[in-house]
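In: fold the following and give me the result.
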Amino acid sequence: MSQLDRSKQCDVDKRCVDNSGPSGKEKNPAHFVSSVAAVAGGAAFASGLVFFVEPITSRLFPPESFGQAAAFVSGANIVGLIACLRYEMALVLPDKDEDAGNIFALSALILVSMTVLTAVLTLGFGRDILGFLNMKALSSSLWLLPVAVFMIGLELLLRSWYTRYKQFNRIALSRTMLAIPRVSAELGGGAAGFTSGFNLVLFRIFGLAAPPAFLSWDFLKHDALFVFRHCTIAGIWRVARRYIKFPLFELWSVLFLVVSWNSPIILLSVYFGDKEAGFFAKALYILYAPVLLFGDSVSQVFLQLSAARRAEGKHLGALVEAVLNRMISFGVLPLAFIALIGADVFGVVLGSWWSTAGVYAQLISPWVFMLLIHSAIRTLFGTLERQEIGLFSNLILCVVRLGILVAGGVFLRDAYVTILLFSWISVFIMAWRCSYLVRVVKASHWRLVRHFLRCTFFVVPALGVTACVKWWLNAPSVCIVGAGIVSSLPYAVFLIREDADLRNFLLRAMNRVGFVQ
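Out: So this is what the prediction gives:
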């Protein structure tokens, strides 16, 4: 049964969990927090499982292996995230399902072509490029690059398809499958002594393959026939021209953003070695996990809601304010603690070997906080069809970031100072991007700043207690981390009291498991 058929069935059977109509608009709109929770649930399981075994895998694989695996995944992301030329982002926009089917077919054809092109270029020039970058250790992993690119692009395409029809539970279920094969391979392979960079790359590929495999199977069963019946050469050509701004502007915008995002790991490996790249990659992964868990989940739901509201002619200011306020509320406390005691947290959780990664985490925590906020509304550039502004700002971000990294490697020759400068430049440029979007949708800057200051005010006591335990009592790291956890409980109470939607969602969840009646 296709998504369209499911939509029609819902008119007959009110018990149907799919509420999407023929144009992708819900007949009974799901609560925003519930939708985010559905998407975040899968990421929470995946992240939780990976985090659970992180203290073990961090002791099995040396930093050099993590650096090589992170550099490989960074390279695959640069190509994979643009492998559909960003046409997949247009899937939520058309009113007609037939147009969406043509966009899907167009994106799939582009994805296959990009994968073949990547394979040809990798075979012809891959070793020369690695030699130029002083990364010959990745030579044995080159054949895996087209595979990774295809899987990353396919998952993005299928996630956009299911986002159009609010199939957030399917997206969540696919994400739960991300961690199991990866964790199993890393634990089993690491314990057996397969701890090289190539082995870790191979284990990461197992994780990348699971989500698109599940979504593809579900798509083939329910929706492939619908797309096949309704896609035509004329239809594909029509939607390609209608949404040409996505490859003309959104493609380059995302490319610049992805290059600037992944370049630190690659260039740190080039200028400072695989070990420093491994420390930075570990810090970035640990901090980026909440962004992946919460920020990307919010972004997935926000994309559909903002597109639907714009199609109905509604203003987006209130929605943007509500989303950004929640991101601020959830991000202030944990990233403030990382900025204060990151080295202690990493040393306790991952072992003293990784305290250096904790220092990197302290340096990049302001950037990750801004990234969390920015990630929630970044899709507005496409929804509002302001891709040229997104392109310009991402170009500036990419050029400045690359300039700082190269200058740091060539002239400063200090990895810490280089990453500190990189972090704060990223903060300022991402803040400008968010400010532009807030202004366009006529949201209030002042209300957002006031909310940030209010949250900061309630965080300061917890930071003060933790700082006293660290520097006044000179306590060991485990006590410092424990003090941070305990002192943060009042902020959690404040958060629940302030956010009625979150409070109601938690009450419903507790009611389901029998904690409250």
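In: do you know the pLDDT at Lys25?
Out: At Lys25, the pLDDT value in this model is 36.
In: same question but for Leu305, I mixed them up
Out: For Leu305, the model assigns a pLDDT of 85.
In: and if you look at the one 5 residues further on?
Out: The model reports Arg310 with a pLDDT of 86.
In: distance of it from Thr163?
Out: Noted for Arg310: a distance of 15 Å to Thr163, by C-beta to C-beta, to the nearest Å. C-betas here are computed from N, CA, C, even on glycine.
In: and these two? Which one has more around it.
Out: The residue with more neighbours, out of Arg310 and Thr163, is Thr163; 24 against 17, by other C-beta atoms under 10 Å.
In: I'd guessed the more buried one sits against Leu303; true?
Out: Yes - counting by C-beta atoms under 8 Å, Thr163 does reach Leu303; the two are 6.2 Å apart.
In: what is in contact with the two at once?
Out: Val92 (C-beta atoms under 8 Å, 6 or more residues apart in numbering).
In: three-state assignment of Tyr285?
Out: helix (DSSP: H, G, I helix; E, B strand; the rest coil).
In: pLDDT score for it?
Out: Per-residue pLDDT puts Tyr285 at 83.
In: count of residues packed around it?
Out: 18.
In: isn't it right next to Ala70, touching?
Out: Yes - using C-beta under 8 Å, Tyr285 is in contact with Ala70, at 7.5 Å.
In: which neighbours do the two share?
Out: Common contacts of Tyr285 and Ala70, defined by C-beta under 8 Å, 6+ apart, are absent altogether.
In: from Asn262, how far off is the closest residue to Phe381 other than its chain neighbours?
Out: In space, and not counting its chain neighbours, Phe381 is closest to Gly390: 3.4 Å by C-beta to C-beta, 6 or more residues apart in numbering. Separation of Gly390 from Asn262 (C-beta to C-beta): 18 Å.
In: higher neighbour count, the two?
Out: Gly390 (25 against 20).
In: which secondary structure elements does the helix or strand where Glu276 lies sit against?
Out: According to DSSP states H and E, Glu276 maps onto helix 274-290. When contacts are defined as 3 or more C-beta pairs under 8 Å, 6 or more residues apart in numbering; DSSP states H and E, helix 274-290 packs onto helix 32-60, helix 63-80, helix 251-272, helix 317-350, helix 355-377, helix 415-440.
In: just want the angle from the last one to helix 274-290.
Out: With axes from the mean of the first three to the mean of the last three C-alpha atoms, to 10 degrees as the criterion, the two stretches helix 415-440 and helix 274-290 enclose an angle of 30 degrees.
In: mind pulling up the pLDDT for the residue nearest to Phe381?
Out: Confidence for Gly390, expressed as pLDDT, is 82.
In: what about it, which SS state?
Out: Once three-state DSSP is applied, Gly390 turns out helix.
In: show me what contacts it?
Out: Gly390 neighbours (C-beta under 8 Å, 6+ apart): 249-250, 253, 378, 381-382, 433.
In: and those residues as JSON lines, adding pLDDT, neighbour count and distance to Val465?
Out: Output for those, formatted as JSON lines (pLDDT from 0 to 100; neighbours: other C-beta atoms under 10 Å; distance: C-beta to C-beta, whole Å):
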{"residue": "Phe249", "pLDDT": "83", "neighbour count": "22", "distance to Val465": "48"}
{"residue": "Glu250", "pLDDT": "81", "neighbour count": "26", "distance to Val465": "45"}
{"residue": "Ser253", "pLDDT": "78", "neighbour count": "27", "distance to Val465": "43"}
{"residue": "Arg378", "pLDDT": "86", "neighbour count": "24", "distance to Val465": "35"}
{"residue": "Phe381", "pLDDT": "87", "neighbour count": "26", "distance to Val465": "41"}
{"residue": "Gly382", "pLDDT": "81", "neighbour count": "25", "distance to Val465": "43"}
{"residue": "Arg433", "pLDDT": "92", "neighbour count": "22", "distance to Val465": "35"}
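In: make a markdown table from the residues you listed and add distance to Phe280 to it.
Out: Listed next are the contacts of Gly390 as a markdown table, based on distance: C-beta to C-beta, whole Å:
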| residue | distance to Phe280 |
| --- | --- |
| Phe249 | 31 |
| Glu250 | 28 |
| Ser253 | 25 |
| Arg378 | 23 |
| Phe381 | 28 |
| Gly382 | 30 |
| Arg433 | 23 |
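In: return the member of those nearest to Ile485.
Out: For these, the residue nearest Ile485 by C-beta to C-beta is Arg378; the value is 31.1 Å.
In: could you find the closest non-adjacent residue to the closest one?
Out: Once flanking residues are discounted, Arg378 sits nearest to Ser299: 6.7 Å by C-beta to C-beta, 6+ apart.
In: kindly report the same for Ala209.
Out: The shortest distance from Ala209 to any non-neighbouring residue, by C-beta to C-beta, 6+ apart, is to Met151 (5.6 Å).
In: contacting residues around that neighbour?
Out: So Met151 contacts 80, 205, 208-209, 212 (C-beta under 8 Å, 6+ apart).
In: go through those residues and name the one nearest Arg450.
Out: Nearest to Arg450 out of the contacts of Met151 is Gly80 (C-beta to C-beta; 39.6 Å).
In: gap between the closest one and Val298?
Out: Distance, Gly80 to Val298, using C-beta to C-beta: 22 Å.
In: repeat that for Asn77.
Out: In terms of C-beta to C-beta, Asn77 sits 20 Å off from Val298.
In: so for those two, which residue has more residues nearby?
Out: Remark: of Asn77 and Val298, Val298 carries more neighbours, 26 against 17, as counted by other C-beta under 10 Å.
In: got the helices and strands packed on helix 274-290 as TSV, with distance to Ala191 columns?
Out: Below are the helices and strands packed on helix 274-290 laid out as TSV (distance: least, C-beta to C-beta, whole Å):
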stretch	distance to Ala191
helix 32-60	7
helix 63-80	14
helix 251-272	26
helix 317-350	17
helix 355-377	22
helix 415-440	31
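In: tell me which of the ones you listed sits nearest to Ala240.
Out: With C-beta to C-beta, the closest approach to Ala240 among those belongs to helix 251-272: 12.9 Å.
In: how big is the angle separating the closest one from helix 63-80?
Out: Here helix 251-272 runs at an angle of 160 degrees relative to helix 63-80 (the same axes, to 10 degrees).
In: by contact count, what packs against helix 251-272?
Out: For helix 251-272, the packing partners by 3+ C-beta pairs under 8 Å, 6+ apart are helix 63-80, helix 274-290, helix 387-407, helix 415-440.
In: and of those, who's closest to Ser329?
Out: Closest to Ser329 of the helices and strands packed on helix 251-272 is helix 274-290 (C-beta to C-beta; 12.9 Å).
In: just after the closest one, pick out the following helix or strand.
Out: Immediately after helix 274-290, counting by DSSP H and E, sits helix 296-311.
In: so which of the helices and strands packed on helix 274-290 is nearest Phe226?
Out: Among those, helix 32-60 sits nearest to Phe226 (C-beta to C-beta), with 23.4 Å.
In: what about that closest one, average pLDDT?
Out: Computed over helix 32-60, the average pLDDT equals 70.
In: repeat that for stretch 488-499.
Out: Summarised as a single mean, pLDDT over stretch 488-499 is 86.
In: residues in contact with stretch 238-250?
Out: 85-87, 89-90, 93-94, 99, 102-103, 106, 381-382, 385, 387-388, 390-391.
In: what about 7 Å?
Out: Contacts to stretch 238-250, defined as C-beta atoms under 7 Å, 6 or more residues apart in numbering, come from residues 85-87, 89-90, 99, 102-103, 106, 382, 385, 387-388, 390-391.
In: helices - which of the residues you listed land there?
Out: Per DSSP state H, helices hold the following members of the contacts of stretch 238-250: 99, 102-103, 106, 382, 387-388, 390-391.
In: how far does stretch 263-282 sit from the chain's center?
Out: The chain centroid and the centroid of stretch 263-282 are separated by 20 Å under C-alpha atoms, centre = their mean, to the nearest Å.
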